[in-house]
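*Asks:* The following block contains a protein sequence and its predicted model.
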Amino acid sequence: MSRTIRLPMLALAAALAACDRPAPTATEESTPLPSLVTPDARSSIERAAMDRLARRLARALADPAFRQSIKRDLDRSPFREHKLQLQSLLKGPIDAC
């Protein structure tokens, strides 16, 4: 096998080996979708869940106290960009203002 073919084959094998692990954000509580669900239906289900989450977050941001607590968390963020991880924000305690 020539060198030009060997490197892409090695990269492909590494990528396939990395795909056997669950998603790093998967939780123990989540139930897998039935295997009868097609990939198109699965993506539409996931999209609907993301839309519901975005809608709930938008409604919550209408509350000035909630916006103030998010701003406070953003200001305390250890990152230079003052960003927050959404998953930990959703799981974390709610600050009472």
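*Replies:* Good, I have the coordinates.

*Asks:* Just after the top helix by length along the chain, pick out the following helix or strand.
*Replies:* When the chain is scanned for its longest helix (criterion: DSSP state H), the result is helix 39-60. Beyond helix 39-60 on the C-terminal side, the first helix or strand identified by DSSP states H and E is helix 64-75.

*Asks:* list the helices and strands whatever helix or strand comes next after that following helix packs on?
*Replies:* From helix 64-75 onward toward the C-terminus, using DSSP H and E, the following helix or strand is helix 86-91. Packed against helix 86-91 by the contact rule (3 or more Cβ pairs under 8 Å, 6 or more residues apart in numbering; DSSP states H and E) you find no helix or strand. For every residue, glycine as well, the C-beta is placed using N, CA and C.

*Asks:* Restricting to C-alpha, output helix 86-91 in CSV.
*Replies:* In CSV, the C-alpha atoms belonging to helix 86-91 read as follows (Å, rounded to 0.1, in the frame of the first residue of the first chain):
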residue,chain,number,x,y,z
LEU,A,86,-26.2,25.7,28.3
GLN,A,87,-26.5,22.2,29.7
SER,A,88,-25.1,23.1,33.1
LEU,A,89,-27.1,26.3,33.2
LEU,A,90,-30.3,24.3,32.7
LYS,A,91,-29.4,21.7,35.3
